[in-house]
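**Student:** got a structure for you, letters missing:
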């Protein structure tokens, strides 16, 4: 079972994985993602709920619903990432693996996966670089402890290390900087001198 | 004056002078001797209200120069306004795509990729919208109460706040008013009508240290009505700013004052209300529309003329429900891109207010502006209570979304998502001096569709 509070599989080696579909099947599906899944106004919660119910062919239970609700309340980049994941997990050749799992585990995997936008900005997922397509698909698969068909667990781990390191160091540095800035901003806003504010002249 | 802390409606953070922590030297880096004397006189005026706060403009000499340059340049920006995003905005978008976390994570390449943003996005994490390449040493806290949900805390920059003064200068000149510095009069009086509010005496170093103040007209803020009258008459403010509702209260005081202009904001200024103010003071009335998140957006100087976009580094579009721009003349959601606040440069920010855009250049304006309904409740003792005072209490008790309605018979019902319903009931009953029914709802959708109209009053 995927533990949502565990370290993110994007940053950690996986202990084991189940074999899933061919990589190409999912990269093709990624680049063909319908525009509807990339619209900000889409109700993320509804898209995810539909996708997870399709995968397991059963209504979601409370724990999965609450994970779906969390994803629906995330910031826009993460929400859009979750919507793309919803499109990918309904790939029929994933069904034998995901259909046998608890939906809450798939939802937890998607939650981990959404962190990818901090490292690979969403627009790059759909650009001309096949390495980025592969990185996105491998990221989603490993968040669900799945490896592409035809690869051993060790091969899959090696390939992830290879494909995910190209842009990773700069992107991770930026993501860390942004996290640090968020903390600095919270501190600056909480400062009593900032709270005194400045005189205001208009009422808007 | 009643003890503000012992009242059941007492709000945390409003203890008198509880939030005033800077020295005057910090508050007014550019204030000269004459300005300091005027400020002292205002603070210790024999009839002054009990000031609840102190704050300054925080402006340095370098800030003054930057604002003067800005005031010279922005009219040209306004003159070039069309239905297409301007070049300066497109260029800045490229920078923001690299340094604003929200845009970076989306992988924005250029303007065409920029999605619309809402207040809910800011509420989730305002840091996602703050550029990472600026020092935070000048951050001051701004809050936006909005029409529902928690107050939004946003980072403001003192220069952006002070640009409002330069903007008022430009807008007043546009209606033929020369706002000359006159140390014998208060330069600007900002009025509210709330039992609990930050009120302060201050000085405007951009205007030679001329005094300004923010006062509450609420009787509880003054020793007595005579003191209020004496203070406001003595101030003889050149410019009076306030919400449309509060300016009516100010006019009702029938003071022997002659402001050069009045600037209404926050809520709709109805045509009869405008006519009343113009006639009462014999001065022009500007209806300024904007949001705390993006600042002033548009201004109407005559009834029915439309709200002309104000000269700022800002671009306005109208979008449909799906976030797609609509042609000029078609009403939709007013969406603002504003680069004035360096700490919160917002691209395609949906205001939730509706209107249509027409015209080009300095005449580009919003027609049919909707969304700032002014709601007043009637207390059991006959007092008029503005909805902003209910918002304060709803937020104090942690209500996440609400709908408060007063029926023709005076009955008040508050439908609330989350929060301490019992605490809220006690506070609203004290505020409104009448029974209040508080009904919990399970989902915000239970409050109704569309943009929340969170207050309604039949009387």
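**Tutor:** Looks like it arrived, so ask away. Keep in mind it's a predicted model, so treat the numbers as computed, not measured. Numbering: from 1, shown residues only, chains lettered A, B, ... in the order given.
**Student:** in what helix or strand does the residue of the stretch 351-459 of chain B found nearest chain A lie?
**Tutor:** Chain A sits closest to residue B:372 of the stretch 351-459 of chain B, with a gap of 9.7 Å, by C-beta to the nearest C-beta. All C-beta atoms are positioned from the backbone trio N, CA, C, and that covers glycine. Using DSSP states H and E, residue B:372 maps to neither a helix nor a strand.
**Student:** ok, it - contacts?
**Tutor:** Taking C-beta atoms under 8 Å, 6 or more residues apart in numbering or on different chains, we find residue B:372 in contact with B:266, B:267, B:268, B:289, B:353.
**Student:** likewise residue B:390?
**Tutor:** Residue B:390 touches B:377, B:404, B:428, B:431, B:455, counting by C-beta under 8 Å, 6+ apart.
**Student:** Out of these, name the ones that lie in helices.
**Tutor:** The helices, defined by DSSP state H, take in B:428, B:431 from those.
**Student:** Of the contacts of residue B:390, just say which sits nearest to residue B:175.
**Tutor:** The closest of the contacts of residue B:390 to residue B:175 turns out to be residue B:455 (C-beta to C-beta; 31.7 Å).
**Student:** surely that closest one meets residue B:404?
**Tutor:** Yes: the pair residue B:455 and residue B:404 qualifies as a contact (C-beta atoms under 8 Å) at a distance of 5.3 Å.
**Student:** ok so, going back, tell me the confidence at the residue of the stretch 351-459 of chain B closest to chain A?
**Tutor:** The model reports residue B:372 with a pLDDT of 70.
**Student:** How much space separates it from residue B:258?
**Tutor:** 28 Å (C-beta to C-beta, to the nearest Å).
**Student:** what about residue B:28, how many neighbours?
**Tutor:** Counted with other C-beta atoms under 10 Å in any protein chain shown, the neighbours of residue B:28 add up to 24.
**Student:** Check the one 5 residues further on too.
**Tutor:** Residue B:33 has 8 neighbouring residues, counting by other C-beta under 10 Å.
**Student:** And the one 4 residues further on, by the same measure?
**Tutor:** Applying other C-beta under 10 Å, we find 13 residues neighbouring residue B:37.
**Student:** what sits against residue B:105?
**Tutor:** Residue B:105 neighbours (C-beta under 8 Å, 6+ apart): A:75, A:77, A:78, A:117, A:118, A:121, A:122, B:128.
**Student:** Which of the residues you listed fall in helices?
**Tutor:** A:77, A:78.
**Student:** quick one: contacts for residue 90?
**Tutor:** Chain wasn't specified; assuming chain A. A:51, A:54, A:55.
**Student:** My question was about chain B, not that one.
**Tutor:** Shown in contact with residue B:90 (C-beta under 8 Å, 6+ apart): B:110, B:111.
**Student:** how about the helix or strand harbouring it: buried residues?
**Tutor:** According to DSSP H and E, residue B:90 maps onto helix B:87-99. Applying a neighbour-count criterion of 16 or more other C-beta atoms under 10 Å in any protein chain shown, one finds B:89, B:92, B:93, B:96, B:97, B:99 buried in helix B:87-99.
**Student:** What's the separation between the last one and residue B:328?
**Tutor:** With distances defined as C-beta to C-beta, the gap from residue B:99 to residue B:328 amounts to 32 Å.
**Student:** Equivalent analysis for the second one, please.
**Tutor:** Residue B:92 sits 24 Å away from residue B:328 when distances are taken as C-beta to C-beta.
**Student:** anything in the helix or strand of chain A with the lowest mean pLDDT near chain B?
**Tutor:** Between all helices and strands in chain A, the lowest mean by mean pLDDT, DSSP states H and E belongs to helix A:168-190, at a mean of 89. Yes: Helix A:168-190 is in contact with chain B by C-beta under 8 Å from any C-beta of the partner chain, via A:174, A:177, A:178, A:181, A:182, A:184, A:185, A:186, A:188, A:189.
**Student:** which two in the buried residues of helix B:87-99 are spaced the farthest apart?
**Tutor:** Maximum distance among the buried residues of helix B:87-99 (C-beta to C-beta): 15.6 Å, for B:89 and B:99.
**Student:** Report how many residues lie close to residue 45.
**Tutor:** No chain specified, so I'll use chain A. With other C-beta under 10 Å as criterion, residue A:45 counts 17.
**Student:** look at chain B instead
**Tutor:** Residue B:45 has 18 nearby residues by other C-beta under 10 Å.
**Student:** On the three-state scheme, it is what?
**Tutor:** Secondary structure assignment for residue B:45 (DSSP: H, G, I helix; E, B strand; the rest coil): coil.
**Student:** Next, the contact list for residue 93, please.
**Tutor:** Picking chain A for this. The contact partners of residue A:93, by C-beta under 8 Å, 6+ apart, come to A:20, A:21, A:22, A:25.
**Student:** my bad, chain B
**Tutor:** Shown in contact with residue B:93 (C-beta under 8 Å, 6+ apart): B:108, B:110, B:111, B:114, B:347.
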